[in-house]
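Q: Sequence first, then the predicted structure:
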There are 2 protein chains.
Amino acid sequence: MAGGISLKELAAELKLAPSTVSRALNDSYEISEATKKKVISMAEKLNYHANPFARSLRENKSKTIAVIIPERINNFFAQVMDGIEEIAQDQGYHLLIYNTHEDIERERKIVNLLLNGRADAIAMSVTSQTSDISHLKKLHDRGLPVIFFDRIRAEIPTTKFITNDYDSAFEGTKHLIQQGCKKVALLMLSKDLSISKERQRGYNDAIRSEGWEVDPALTLYCSHEEESNVRLIEELLNAPNRPDGILASVEKLAFATYMAVRKTNLSIPRDLKVISFSNASIAGLLNPSLTTITQPAFSIGNECAKLLIKKLTKPKHYDLVDQVITIPSKITIRESTMAN
Amino acid sequence: MAGGISLKELAAELKLAPSTVSRALNDSYEISEATKKKVISMAEKLNYHANPFARSLRENKSKTIAVIIPERINNFFAQVMDGIEEIAQDQGYHLLIYNTHEDIERERKIVNLLLNGRADAIAMSVTSQTSDISHLKKLHDRGLPVIFFDRIRAEIPTTKFITNDYDSAFEGTKHLIQQGCKKVALLMLSKDLSISKERQRGYNDAIRSEGWEVDPALTLYCSHEEESNVRLIEELLNAPNRPDGILASVEKLAFATYMAVRKTNLSIPRDLKVISFSNASIAGLLNPSLTTITQPAFSIGNECAKLLIKKLTKPKHYDLVDQVITIPSKITIRESTMAN
DNA sequence: ATAAAATGCGGAAACGATTTCGAAATTATG
DNA sequence: CATAATTTCGAAATCGTTTCCGCATTTTAT
């Protein structure tokens, strides 16, 4: 921009036509090797850089992928972004990143912003508040390649990546029971969330597989606000028939549980066992160390990017078919679920 | 892009000239209120969205800020990004985010990529490997507004945001000594890093203020690779004159210390006290809870974005003067530095 | 009543790249 | 040697905006 030289100026310097220079730089077959060399060396010398907007305008593509996440201070989403970036950087794509802060209004604004073509494709995980999905429909209807990961919306006919939420929740709950828990509670963000539903199904089935009833008082819908979550969980723990086991659907709720426990005179894992979906690398350093269900976040990011770029580079020969791809999570057992 | 309608088509629909429509949408004074209304309502009806590349090409600005960080799985940088995004989103700016993974080659590539004007401004924190800074010089010479935060390079004459690293390291070291430590070690990433130098100065002066000598064996330069760090720290802890206190310059080194300690038969804080620069919200949940020096990451991000946007909106009336702005950190004392 | 200024809008150039079409210049072919 | 085929390159259109300039028409000033 500031000291930038244009293709035309570069061409003038070389006493060549802009078209020739453009072709030379793009390694076109109709330019002789001799002039290619000349053009390239002069471009280097004059520090020429093609204006990306002129190119985007002409080619109708931006070499940019937008990533929309509900939360940044979250190891899962951070790892997904790293996974997306690895592929994207390698393929010359740039990443526009948006954090909705779990706010449906922001999500709507951002999605509408992306309707203008600023990004060639989108990878996203929806807000816990997202119920109306007309804005997502509009995106997809516009023909913009969209992939959902983790928090998906089945109604949008495209490819989605998730983990085996049902199985993990089932096994996690079973694990708590095997360790001696008689009353397992489930902590979630929102009932509208795809992951909530699946994980709740797994939890419910695990409870019932013991011949027990699912106690609605033990299924807690939290918010994205730490303090109120801690209060809510504290109340749960102080209730007359408090749980002796907790399955947290997201890592922040496990942390909130740890905080809440400190306000009571309970102790983990003696009085309460905790297992949580979490990608925190320091789960093992917590007090007590936390049993986790770790999602393959980096791989998910990788796969999202691969498919999006595949669609972008071979628009005719590849489609983001309406399917849900599941990559399994991994349970790591630690102190927080030790039997007494 | 796909179903997108252009300004010209919109104009045709309205039987107006493109210039008129453009002015109407941009709320120009030379267009009557009546036609403005007509244009706007038709634009809404036809779902018109201005092509950002055509506009960028014409106006020579992209409404985009690039953020370059060395690491994403890091609470400090995540919070800085949230801080930048808060201001940027509010002002209609988009964020291009790049992770260098502490790799100087990647940093160079990314910076060179940004030379073409894809972003209007840059906020960055350099790699721990960054010694040659010719690529950064080029950026600045090009006239691209650049702001450094935390890991800065004083040689580039622009505004930089840091925390009171010297003071924090000094006080942190003093705190360890007050809690009974006789041999305090310092863990850092790289000696080339601005923050390393400042924090080391603070550490050194604190040691000397006790009338002690600075023992070079207690100053450890680590890498960005977890496993080798754990090994390195483990060796340090198994050495004949092992430290009884550790000041970690970045949170990952505190975590590595916790890991290393578990491989020995030492115990924190009994045999080893630990304090660390860290923005981890769960420092209080570690085993034992970690005494931290917390940097005002979100505010730093906020300020970076504010100044960059100020420069972008008032290029003539404001300059990113060559100065270092310091925002103080806050020490939170927890179990890891408890006296015996 | 006439000059001056303000209002409202259209035409066309410009931003910087790519690409279609066509024309030289060179080489090959009969 | 003449013609065809092949290289190699140039002119101009194009992408979708914004803006400079110009031109009526209406309003205000003298």
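A: Received the coordinates, thanks.
Q: CA atoms for contacts and neighbours, from now on please.
A: Noted.
Q: wait, A:Asn51 sits on B:Leu115?
A: No: at 9.7 Å, A:Asn51 does not count as touching B:Leu115 under the criterion of Cα atoms under 8 Å.
Q: Compare the two (neighbour count), which wins?
A: B:Leu115 (25 against 19; other Cα atoms under 10 Å in any protein chain shown).
Q: And for the residue nearest to that one when sequence neighbours are not counted, the neighbour number?
A: Residue nearest to B:Leu115 in three dimensions, not counting chain neighbours: B:Leu139, with 6.5 Å by Cα to Cα, 6 or more residues apart in numbering or on different chains. Neighbour count of B:Leu139, defined by other Cα under 10 Å: 19.
Q: do A:Arg270 as well
A: 13.
Q: quick one: contacts for it?
A: Applying Cα atoms under 8 Å, 6 or more residues apart in numbering or on different chains to A:Arg270 gives the contacts A:338-340.
Q: switch the cut-off to 10 Å
A: A:244, A:336-340 (Cα atoms under 10 Å, 6 or more residues apart in numbering or on different chains).
Q: Put the buried members of these into a ChimeraX selection.
A: Filtering the contacts of A:Arg270 down to the buried ones (16 or more other Cα atoms under 10 Å in any protein chain shown) takes a single ChimeraX command:
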select /A:244,336,337,338
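Q: now the contacts of A:Arg270 in JSON lines, with pLDDT, distance to chain B and secondary structure?
A: Formatted as JSON lines, the contacts of A:Arg270 follow (pLDDT from 0 to 100; distance: Cα to the nearest Cα, whole Å; DSSP: H, G, I helix; E, B strand; the rest coil):
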{"residue": "A:Asp244", "pLDDT": "97", "distance to chain B": "20", "secondary structure": "coil"}
{"residue": "A:Ser336", "pLDDT": "97", "distance to chain B": "12", "secondary structure": "helix"}
{"residue": "A:Thr337", "pLDDT": "98", "distance to chain B": "16", "secondary structure": "helix"}
{"residue": "A:Met338", "pLDDT": "96", "distance to chain B": "16", "secondary structure": "coil"}
{"residue": "A:Ala339", "pLDDT": "95", "distance to chain B": "19", "secondary structure": "coil"}
{"residue": "A:Asn340", "pLDDT": "88", "distance to chain B": "20", "secondary structure": "coil"}
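Q: how close does the spatially most central residue of chain A sit to A:Gly301?
A: Residue closest to the average C-alpha location in chain A (Cα atoms, centre = their mean): A:Phe77, at 4.6 Å. A:Phe77 is 9 Å from A:Gly301, where distance means Cα to Cα, to the nearest Å.
Q: Now do the shared contacts for those two.
A: A:83, A:149.
Q: what number of residues lie near the closest residue to A:Pro296 other than its chain neighbours?
A: With sequence-adjacent residues excluded and distances taken as Cα to Cα, 6+ apart, A:Pro296 is closest to A:Ser329, at 6.1 Å. Residues near A:Ser329, counting by other Cα under 10 Å, number 19.
Q: Surely A:Ser329 and A:Gln295 touch.
A: Yes: contact between A:Ser329 and A:Gln295 holds when scored by Cα atoms under 10 Å: they sit 4.5 Å apart.
Q: can you list residues touching both of those two?
A: With Cα under 10 Å, 6+ apart as the test, A:Ser329 and A:Gln295 both reach A:162-165, A:168, A:277.
Q: Let's have those in TSV, adding distance to chain B.
A: Shown next, in TSV, are the shared contacts of A:Ser329 and A:Gln295 (distance: Cα to the nearest Cα, whole Å):
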residue	distance to chain B
A:Ile162	21
A:Thr163	21
A:Asn164	24
A:Asp165	23
A:Ser168	24
A:Phe277	16
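Q: farthest pair in these?
A: Of all pairs drawn from the shared contacts of A:Ser329 and A:Gln295, the greatest distance, 13.2 Å, lies between A:Ile162 and A:Phe277 (Cα to Cα).
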